[in-house]
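Asks: Next input, structure requested:
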Amino acid sequence: MNLTFASTDSADADVLVDMRIAAMRESLERIGRFDPQRARERFLASFDPPLCRFIVSDDVRVGFILIRPQEDHWLLDHFYILPNHQGKGIGAAVLRAVFKDADAHRMEIRLGALRGSDSNRFYQRHGFVPTSEAEWDIYYVRKPSRE
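Replies: Numbering: from 1, shown residues only. Sure, this is the predicted structure:
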């Protein structure tokens, strides 16, 4: 697998929204919260093109990631792999790259995952620890490695 990251700009918003909806649809339907218009509005309200990157595997856009640097941590705000590319190790490879960078900067990574989503097991498998819960989300942190 040849994994790279490509910049996004405001013209990519519709493609990114479609990727987000495709990746989240099953989890949102499972809890009765699938609303493509709300998903679109929520993403566009916080979309910051300079912080967002397409995930490209073997020259195919398979998802995207958006990390918001904060003073004392990085917020993994969006991380989606299209359903037909999940389960191939792409997400794990992306996290390894993010962890390497975060560790070099001694930054913890925080994120929220939709309650009931398979992403919760994925994040826990990769070292994220639950810190709190809300009605629809579970929040996690991953401390920087000491190595």
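Asks: make it CA atoms for all contacts and neighbour counts henceforth
Replies: Noted.
Asks: how near is the closest residue in space to Phe128 that isn't next to it in sequence to Val56?
Replies: Nearest residue to Phe128 in three dimensions, chain neighbours excluded: Arg142, at 4.6 Å (C-alpha to C-alpha, 6 or more residues apart in numbering). Distance, Arg142 to Val56, by C-alpha to C-alpha, to the nearest Å: 24 Å.
Asks: Check Val98 too.
Replies: For Val98 relative to Val56 (C-alpha to C-alpha), the value is 15 Å.
Asks: pLDDT value on Asp59, please?
Replies: The score at Asp59 is 94. That number is its pLDDT.
Asks: what number of residues lie near the residue nearest to Phe128?
Replies: 22 (other C-alpha atoms under 10 Å).
Asks: right, and it touches Asp103 too?
Replies: No - if you go by C-alpha atoms under 8 Å, Arg142 and Asp103 don't touch, sitting 10.2 Å apart.
Asks: what about dumping the CA coordinates of the longest helix along the chain to CSV?
Replies: Secondary structure assigned by DSSP state H gives helix 13-30 as the longest helix of the chain. In CSV, the C-alpha atoms belonging to helix 13-30 read as follows (Å, rounded to 0.1, in the frame of the first residue of the first chain):
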residue,chain,number,x,y,z
ALA,A,13,-16.1,20.6,0.2
ASP,A,14,-18.8,18.6,-1.6
VAL,A,15,-16.4,15.6,-2.2
LEU,A,16,-15.4,15.7,1.5
VAL,A,17,-19.0,15.9,2.7
ASP,A,18,-19.9,12.9,0.5
MET,A,19,-17.0,10.9,2.0
ARG,A,20,-18.1,11.8,5.5
ILE,A,21,-21.6,10.8,4.9
ALA,A,22,-20.6,7.5,3.2
ALA,A,23,-18.3,6.7,6.1
MET,A,24,-20.7,7.6,8.9
ARG,A,25,-24.0,6.5,7.3
GLU,A,26,-24.2,3.0,8.8
SER,A,27,-23.3,4.1,12.3
LEU,A,28,-25.8,7.0,12.2
GLU,A,29,-28.6,4.8,10.8
ARG,A,30,-27.9,2.3,13.6
